[in-house]
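Student: Sharing a model that was predicted from the sequence below.
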Amino acid sequence: MARDLPSDPALWPATEQAAALAGRRLSARELLAAATARIDAHNPALNAVVTIDLDRAAAGAAAADEATAHGQSFGPLHGLPMSMKDALAVAGMRSTGGAVELRDHVPGVDADVVARVRGAGANVFAETNVPRWSGDLQTFNEVFGTTNNPWNPALVPGGSSGGAATAVATGMTSVEVGTDIGGSVRVPAAYCGIAGHKPSYGLVPCGGYLDGVEGGLTEPDVNVHGPLARSVGDLELLLGVLAGPGPDRAGAWSVRLPAPRHARIDGYRVALWPNDPACPVSSATEAAVRQAGDLLAGLGARVDDTARPAIDAAGAARLGLGLVGAAVTPSMTDEQWARVAEAGGALAHRDWLAMDRARARIRAAWAEFFTGVDVLVCPVIASPPFPHTPDGNFATRTVSIDGTARPYADLVWWTILIGMAYLPSTSIPVGRTADGLPVAVQVVAAYLEDRSALAVARAIVDAGGGITLPVS
């Protein structure tokens, strides 16, 4: 056992858990018991896990242990107890999308990513809280209530994968799968002090995503599904399981992700973008980005804080908000859509096509940018975790950043700037605020070069002393 591992195996990285299971130093039953003990201890105050099937869990653990006893393995996630975000259909388990309309919904078919992790041996036994239709940077809904930040329950854990990130940070699950259209993997990872990866768009199939009553049949623009974990190594493990064509394409297509651009960090050219006048970030956030740059420079990387893509960043972010807005319209009720249409907010398909062409030009500029640098390090979100703000909506809420009231929508500026261009991004904690809250950066790479983003993120985490969890 590594000397720096916590005494409770529920808090180990999933890679360490998997190694202990394979080496018969730990049983799947013991690991499940450790995870459920964490749920018993922390979930009453945090409200991260909203559905749990103990019978399913026990049967899954027993089957894994029986296979291990016979020298067999179900795959790289063999025996690991996993919760899933409640926006993903889990066959035989209540899956609601955080919406009252699906309060009693029990799917008969797994979402694509759920099928992938089951096929790799994971013991899927629970679901974690989301905002209604995964549509907020906070995590609350009428069905299950509010999820709290594991560092300070008075604050939000981020959204929409807030329950998932909280469960990972407190050892209620080995790893999780979140969804990210406007930052819903990266922001909860940042706010809960763990690691999260937003894959390149299209790399991971997204069937079975519950973004409306009839959700799950199509894959929304911009949206991706990606891992949340206690280490970057866990992100790499789970991405290897998730990446690949969807079921309707698997007969002809396969995925072979490029290796990291360089074997050593001192070969990397790193662009540092600590702040921007179009969306100023908190002093703690800017300091975290600069700290990440210093860590990489200390490892020999060439760090440039002036290199920028040849785009109008503010315009690209506005365009991204429009594209995301179009993608989430299936979440609207007929009444909500009628109000949008009456206000002139309905988007003609011709208009969307024009936006998509504008995005293509922006994507080309990003591709050119990544010929001169290997990765970009920038903020995930403009502020550290903020107090629960249930009243209002994206258009009416404000948030205080270093004492200044800012529009709530400013919080997704950095995540949407990256996501609208389909780029891969790894969120990792770097530093703390003055009152001890985690702050994060995102490491962004060229399209489909996810492994370069992960490699540089791992180097930053290792150089900074690893990931500290809010519980022990």
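Tutor: Arrived safely. Fair warning: this is a prediction, and the values are worked out from it, not measured in the lab.
Student: Run through the residues that contact Ala62.
Tutor: Ala62 makes contacts with Ala28, Arg29, as judged by Cβ atoms under 8 Å, 6 or more residues apart in numbering. In short, each C-beta sits where N, CA and C put it, glycine included.
Student: Mind telling me what element it is part of?
Tutor: Following DSSP states H and E, one finds Ala62 within helix 54-69.
Student: I'd like the distance from that helix to the chain centre, please.
Tutor: Relative to the mean C-alpha coordinate of its chain, helix 54-69 is positioned 28 Å out (Cα atoms, centre = their mean, to the nearest Å).
Student: Please point out which parts of it sit buried.
Tutor: Buried residues in helix 54-69, counted by 16 or more other Cβ atoms under 10 Å: Arg56, Ala57, Ala58, Gly60, Ala61, Ala64, Asp65, Ala67, Thr68.
Student: and what of stretch 117-128?
Tutor: Applying a neighbour-count criterion of 16+ other Cβ under 10 Å, one finds Val117, Arg118, Ala120, Gly121, Ala122, Asn123, Val124, Phe125, Ala126, Glu127, Thr128 buried in stretch 117-128.
Student: I'd like those as CSV, with distance to Ala307 and pLDDT appended.
Tutor: As requested, those are arranged in CSV below (distance: Cβ to Cβ, whole Å; pLDDT from 0 to 100):
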residue, distance to Ala307, pLDDT
Val117, 37, 98
Arg118, 43, 98
Ala120, 38, 98
Gly121, 42, 98
Ala122, 40, 98
Asn123, 45, 98
Val124, 42, 98
Phe125, 45, 98
Ala126, 43, 98
Glu127, 42, 98
Thr128, 38, 99
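Student: Where strands are concerned, which of these count?
Tutor: Asn123, Val124, Phe125, Ala126, Glu127, Thr128 (DSSP state E).
Student: Among these, which one sits closest to Thr146?
Tutor: Closest to Thr146 out of these is Thr128 (13.1 Å), distances taken as Cβ to Cβ.
Student: How are the helices of this structure distributed by residue range?
Tutor: 14-22, 28-46, 54-69, 112-119, 162-169, 186-192, 232-242, 283-298, 313-327, 334-342, 349-372, 413-419, 450-463 (DSSP state H).
Student: hey, least reliable of those helices by pLDDT?
Tutor: The minimum mean pLDDT among those belongs to helix 334-342 (a mean of 75).
Student: just to revisit the earlier point, minimum distance to Asp86: which of the helices of the chain has it?
Tutor: Proximity to Asp86, assessed across these by Cβ to Cβ, is greatest for helix 162-169 (7.0 Å).
Student: roughly how far is the closest one from the heart of the chain?
Tutor: 10 Å.
Student: Let's have the buried residues of helix 54-69 in a markdown table, adding distance to Val471.
Tutor: As requested, the buried residues of helix 54-69 are exported to a markdown table (distance: Cβ to Cβ, whole Å):
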| residue | distance to Val471 |
| --- | --- |
| Arg56 | 25 |
| Ala57 | 21 |
| Ala58 | 24 |
| Gly60 | 25 |
| Ala61 | 23 |
| Ala64 | 25 |
| Asp65 | 27 |
| Ala67 | 31 |
| Thr68 | 28 |
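Student: Low-confidence ranges, the stretch 151-300 of the chain, go.
Tutor: For the stretch 151-300 of the chain, no stretch is flagged by pLDDT under 70.
Student: How far away from the center of its chain is stretch 319-336?
Tutor: Remark: stretch 319-336 is offset 20 Å from the chain centroid, using Cα atoms, centre = their mean.
Student: do the same with stretch 284-298
Tutor: Relative to its chain's centre, stretch 284-298 lies at 21 Å (Cα atoms, centre = their mean).
Student: Could you list the buried residues of it?
Tutor: Of the residues in stretch 284-298, Ala284, Thr285, Glu286, Ala287, Ala288, Val289, Arg290, Gln291, Ala292, Gly293, Leu295, Leu296 count as buried by neighbour count, 16+ other Cβ under 10 Å.
Student: would a markdown table of those with distance to Gly145 be doable?
Tutor: What follows is the buried residues of stretch 284-298, written out as a markdown table (distance: Cβ to Cβ, whole Å):
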| residue | distance to Gly145 |
| --- | --- |
| Ala284 | 29 |
| Thr285 | 29 |
| Glu286 | 34 |
| Ala287 | 34 |
| Ala288 | 31 |
| Val289 | 34 |
| Arg290 | 38 |
| Gln291 | 36 |
| Ala292 | 35 |
| Gly293 | 40 |
| Leu295 | 39 |
| Leu296 | 41 |
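Student: now, which of these sits nearest Arg359?
Tutor: Val289 (25.1 Å).
Student: contacting residues around the closest residue to that closest one other than its chain neighbours?
Tutor: Among residues not flanking Val289 along the chain, Pro274 sits closest, at 4.0 Å (Cβ to Cβ, 6 or more residues apart in numbering). Residues near Pro274 by Cβ under 8 Å, 6+ apart: Val281, Glu286, Val289, Arg290, Gly293, Asp305, Cys378, Pro379.
Student: do Ile401 as well
Tutor: Contacts of Ile401 by Cβ under 8 Å, 6+ apart are Pro280, Val281, Ser282, Ala382, Ser383, Asp410.
Student: Can you say which two of the residues you listed are spatially most distant?
Tutor: Pairwise distances across the contacts of Ile401 (Cβ to Cβ) peak at 11.2 Å, for the pair Ser282 and Asp410.
Student: shared neighbours, these two?
Tutor: Residues touching both Ser282 and Asp410 (Cβ under 8 Å, 6+ apart): Ala382, Ile401.
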